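S.K.: heads up, no residue letters with this:
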Ligand SMILES: Nc1ncnc2c1ncn2[C@@H]1O[C@H](COP(=O)(O)OP(=O)(O)OP(=O)(O)O)[C@@H](O)[C@H]1O
Ligand SMILES: [Mg+2]
């Protein structure tokens, strides 16, 4: 009897979930081996990580805060995938959203009830503006959005550094790369966790409903799956491409708005914190499902938060990064492996 | 594994003979959720033979071959190659054992050149490669196998026949001894098919073997040495081809006698042919995808209640004609009217709204979104109407109900409507598209090669549908390259050659020879022929 591995054309749901769980366990195992080789006290480390994530109120709050931008950037990437586009630029759109919302907060005086919604709109518009050129280039000149959106990320991140260290720098001299504390805030509903989280969840559910229960959503799915079938059925592919990509940018922009106004309370260099890139992972893990986006964002938030917890225990930052990488790596392998199954056969 | 397999007389002889089969399948079963695609299938393939595999749509032909090439894993049974039990984990294993397949739907990378496609995923591809080297190697392999290809050409610029040659070359270059062709001629012109047959005979004569899946019985009788028939996933029989004839094969496949009757007779209560055309073209010109003028000042009338056949060798503008007639391709000049309304500058939406249905020639590329569900694909023409949509709301449950009724009308059994439509057999995809389009064709149906990939029974059913539409007063434009289909069905036949109409003739006034001459570029008019008779 020889054991062989065979690829199957479609994975089964149970297998997919199991593969992911095994992947996470494997990654933890590898991490444990490395830590114990370095003489760390595994029990203490594990307990600390558990306590600082699920085991405490503050841990849970932090996870909620980290999840918020991840849900939104993941959703942004996922919805673009639905229309057949790769939005690699959620990072840049996040920055643009944060920038636009901060501008409103700093320079538009008014009552909170007006300014907060205005910041909301500004954040969405900022993200939309950031994806506008890649969208038009793709729609009218067939220029790959993969590259254009990616390149604008660098511009977005540098823009934030520029304003945060230059023109908008906190005049009090308290910090080197941030604006002053913004005069407006997103209301919180539980400790530090602000309404960005439920809004992000709601938005995800809304997007899923729109895709499945509206004519427009149906058209988008057809257009994204096969543009020539769309042409055949008189579905305006280009129009849907443009609208969905702009929407994707707007959602990523919202993520930046919530992060700057609700979580950081200021615009600071590095505010995007790779949330845009991690959003790509979330979307890929989610495989086009909205519930998947929520689950993926939760997973990534827990990983990031555990990383922070390990860092406070003196574990070196690069070890932490390696661990997060490891989990992702195993998850990706697990995902791929769930397309395979093991067959036993007599040797040929 | 012990399995008792009943061998019929012929196989006993074959296995008792000194020739060892190259491939032997024993008791193969393959089940998909809700479908038995194969059950108890025995099959053997001798060196030097061309073995035809026949069966209705969904009989399990493609599935059986996918098992042989390691794409699927059988639930039961053995695959034996050169007397050895084997398990192929992937097509790469199969090709390493000398078994290669050209699929019903090609799997080439369109943006790559011929040379790049040949060398893709091949362990003999040199590590350090240059474009020149790849092209030189390709030319060399092609010459040694006697298959003419253009190494530097991009796949997207090639005709279907040329693409198929690249697929075959891809398989043969990997030293295949067994070549499996899944409906290879469905998309070929007669000349291309003749060329293919020549290459196949040469290949088999070198001691190799070919498995040939086709629905065209004439071809099967012409090219094959033995025939195996599947029905409902089970093997019915294997026989030497010289013992078979067309009627018998059709009966074996379908399980009952199939008579392709003359369908030009109308029902007594049929609506009369209208005096005014429902669809008319005046001096219409249009480009093809490469910007060449592929329709040249075409004028044509289609009347309500008639079937107008479009004959001609594929690639003479038929595809562009059907796209122009459904609003997918813009006119360069000329005028197009539907029901007296000028739609020259309108798009697909207006055509559909005017009751123009369209069975496209490339269903997987433009008629379907292969990765989406059967339901999503079944409702692509009606998702915007009640009861599927109410205002901007879309109702998946109503869509599922419609999909079920379309599948039922098309006699396609679907175990799971949420599964991707590409999981359906090729013929069943075609039936689904046809039924879907007939529902919206209240005035005109443009049917481009609707019978491609269908089994004899299904062709008969499809042609019956068309006569029903005709009798209900719909104008049907029927594009085909099969002359006997055209003669059985059409009231009039227009012949296309190099983007022009060589003449429109009454079917009752014309014979096959005359149409053949017109397909080669001779002009005739109905008046000429009426004068001759
Ligand atoms: N991946 C799959 N998942 C589910 N069902 C499948 C899958 N592949 C094939 N089937 C089903 O198995 C049956 C046999 O299909 P198969 O493609 O082998 O038919 P076929 O004989 O090649 O027909 P055709 O002449 O129409 O190409 C069909 O009912 C088909 O729907
Ligand atoms: Mg098939």
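M.R.: In hand now; what should we look at? Quantities reported herein were computed from a predicted structural model and do not represent experimental measurements. Residues are numbered from 1 along each chain as shown, chains lettered A, B, ... in the order given. Ligands and ions are numbered 1, 2, ... in the order given.

S.K.: need the contact list for the closest residue to residue B:35 other than its chain neighbours.
M.R.: When the adjacent residues along the chain are set aside, residue B:35 lies closest to residue B:415, with 5.3 Å between them (C-beta to C-beta, 6 or more residues apart in numbering or on different chains). All C-beta spots, glycine's among them, are computed from the backbone N, C-alpha and C. Applying C-beta atoms under 8 Å, 6 or more residues apart in numbering or on different chains to residue B:415 gives the contacts B:32, B:33, B:34, B:35.

S.K.: give me the number of residues near the first one?
M.R.: Same thing as residue B:32. By the criterion of other C-beta atoms under 10 Å in any protein chain shown, residue B:32 has 15 neighbours.

S.K.: dig out what it forms beta bridges with.
M.R.: Here residue B:32 sits in beta bridges with residue B:35, as judged by DSSP bridges.

S.K.: look up which helix or strand residue B:43 falls in, please.
M.R.: strand B:35-45 (DSSP states H and E).

S.K.: tell me the buried residues in that strand?
M.R.: Under the neighbour-count criterion of 16 or more other C-beta atoms under 10 Å in any protein chain shown, strand B:35-45 has B:35, B:37, B:38, B:39, B:40, B:41, B:42, B:43, B:44, B:45 buried.

S.K.: from those, which single one is nearest residue B:376?
M.R.: Of all those, residue B:35 has the smallest distance to residue B:376: 20.0 Å, by C-beta to C-beta.

S.K.: so for the closest one, what's the pLDDT?
M.R.: As predicted, residue B:35 sits at a pLDDT of 86.

S.K.: same question, the one 4 residues further on
M.R.: In this model, residue B:39 is scored at 94, pLDDT.

S.K.: which ones are touching it?
M.R.: The contact partners of residue B:39, by C-beta under 8 Å, 6+ apart, come to B:29, B:233, B:234.

S.K.: find the nearest non-adjacent residue to the last one, please.
M.R.: Closest residue in space to residue B:234, ignoring its immediate chain neighbours: residue B:39 at 5.2 Å, by C-beta to C-beta, 6+ apart.

S.K.: the helix ranked longest in chain A packs against which elements?
M.R.: For chain A, the longest helix by residue count, based on DSSP state H, is helix A:112-141. Packing partners of helix A:112-141 (3 or more C-beta pairs under 8 Å, 6 or more residues apart in numbering or on different chains; DSSP states H and E): helix A:90-107, helix A:145-165, helix A:237-257.

S.K.: can you redo those as TSV with mean pLDDT?
M.R.: Listed next are the helices and strands packed on helix A:112-141 as TSV, based on pLDDT from 0 to 100:
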stretch	mean pLDDT
helix A:90-107	96
helix A:145-165	94
helix A:237-257	97
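
S.K.: check those for me and report the most buried one.
M.R.: Comparing those by mean neighbour count (mean count of other C-beta atoms under 10 Å in any protein chain shown), helix A:90-107 comes out on top with a mean of 29.

S.K.: just list the residues touching the residue nearest to residue B:41 when sequence neighbours are not counted, thanks.
M.R.: Leaving out its chain neighbours, the residue that sits closest to residue B:41 by C-beta to C-beta, 6+ apart is residue B:28, at 4.3 Å. Shown in contact with residue B:28 (C-beta under 8 Å, 6+ apart): B:38, B:40, B:41, B:42, B:43, B:64, B:67, B:74, B:76, B:77, B:78, B:79.

S.K.: how about 6 Å then?
M.R.: B:38, B:41, B:74, B:77 (C-beta atoms under 6 Å, 6 or more residues apart in numbering or on different chains).

S.K.: for residue B:455, give its distance to ligand 1.
M.R.: Residue B:455 is 6 Å from ligand 1, where distance means C-beta to the nearest ligand atom, to the nearest Å.

S.K.: run a quick neighbour tally on that residue.
M.R.: If you count neighbours by other C-beta under 10 Å, residue B:455 ends up with 23.

S.K.: got the phi and psi for the spatially most central residue of chain A?
M.R.: Taking C-alpha atoms, centre = their mean, the centroid of chain A lies closest to residue A:279, which sits 2.4 Å from it. For residue A:279, the backbone dihedrals (degrees, to the nearest 10) come out as phi -60, psi -30.

S.K.: ok so, going back, just the buried ones from the contacts of residue B:39?
M.R.: Applying 16+ other C-beta under 10 Å to the contacts of residue B:39 flags B:29, B:233, B:234 as buried.

S.K.: out of those, the closest to chain A would be?
M.R.: Proximity of the buried ones among the contacts of residue B:39 to chain A (C-beta to the nearest C-beta) peaks at residue B:29, which lies at 15.1 Å.

S.K.: I'd assumed residue B:75 was in contact with the closest one.
M.R.: Yes - between residue B:29 and residue B:75 there is a contact under C-beta atoms under 6 Å: 4.9 Å.

S.K.: returning to that earlier point: distance to residue A:273 for the contacts of residue B:415 - can I get that in JSON lines?
M.R.: JSON lines is the format used below for the contacts of residue B:415 (distance: C-beta to C-beta, whole Å):
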{"residue": "B:32", "distance to residue A:273": "46"}
{"residue": "B:33", "distance to residue A:273": "44"}
{"residue": "B:34", "distance to residue A:273": "48"}
{"residue": "B:35", "distance to residue A:273": "49"}
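
S.K.: ok so, going back, is any part of the helix or strand following the strand holding residue B:43 close to ligand 2?
M.R.: Using DSSP H and E, the helix or strand that follows strand B:35-45 in sequence is strand B:50-55. No - applying C-beta under 5 Å from the ion, one finds strand B:50-55 separated from ligand 2 by no less than 8.9 Å.

S.K.: which residue does chain B bring closest to ligand 2?
M.R.: residue B:62 (3.2 Å; C-beta to the ion).

S.K.: look up how far chain A lies from that residue.
M.R.: Plainly put, residue B:62 is 13 Å away from chain A if you go by C-beta to the nearest C-beta, to the nearest Å.
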